[in-house]
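*Asks:* could you look at this predicted model? Sequence included:
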Amino acid sequence: QVQLVESGGGLVQAGDSLRLSCAASGRTFSGSAMGWFRQAPGKVREFVTAISWSGSTYYADSVKGRFTISRDNAKNTVYLQMNSLKAEDTAVYYCAARRSAAASRNRSDYVDWGQGTQVTISS
């Protein structure tokens, strides 16, 4: 099992930027694809972005061009840089780990989850 701890959330204005971090510990981070998902009030948890062990990235259409996922394998950390934030980006953001090197857009493919960090965008 991988323990995941997200940080970096907060309240910002529309157009601002935030960077989320996800620190992993426990079972080796090595070889694991990582993903970010988000859940707004009253909505299902949705895919945001994912990165494979080798660094291939995937994005939801709603964040493409504004969000960037990256990973530092030496630090066992994944980052989500969020630019040009919109009110509709408001949600709890969750970091997740796969027991596979290949990234996935499917929530069910991820077995380890963080506790989430709140991101609130004021318009």
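*Replies:* Noted; the coordinates are in hand.
*Asks:* any idea how far the residue nearest the centre of the chain lies from residue 76?
*Replies:* Nearest to the mean C-alpha position of the chain, by Cα atoms, centre = their mean, lies residue 36 at 2.3 Å. From residue 36 over to residue 76 the distance is 16 Å, taken as Cβ to Cβ, to the nearest Å. Every C-beta, even on glycine, is put in place using the N, C-alpha and C of the backbone.
*Asks:* which ones are touching residue 4?
*Replies:* Taking Cβ atoms under 8 Å, 6 or more residues apart in numbering, we find residue 4 in contact with 22-24, 95-97, 112-114.
*Asks:* thinking again about what came up before, show me the contacts for the residue nearest to the centre of the chain.
*Replies:* 20, 22, 48-50, 69, 78, 80, 93-96.
*Asks:* ok, residue 42 next?
*Replies:* Listed by Cβ under 8 Å, 6+ apart, residue 42 has no contact partners.
*Asks:* how far away from the center of its chain is stretch 44-51?
*Replies:* Centre-to-centre, stretch 44-51 and its host chain are 7 Å apart (Cα atoms, centre = their mean, to the nearest Å).
*Asks:* buried residues in it?
*Replies:* Within stretch 44-51, the residues that count as buried by 16 or more other Cβ atoms under 10 Å are 45, 47-51.
*Asks:* how about stretch 104-118?
*Replies:* The neighbour-count check on stretch 104-118 (16+ other Cβ under 10 Å) flags 104, 109-110, 112-114, 116-117 as buried.
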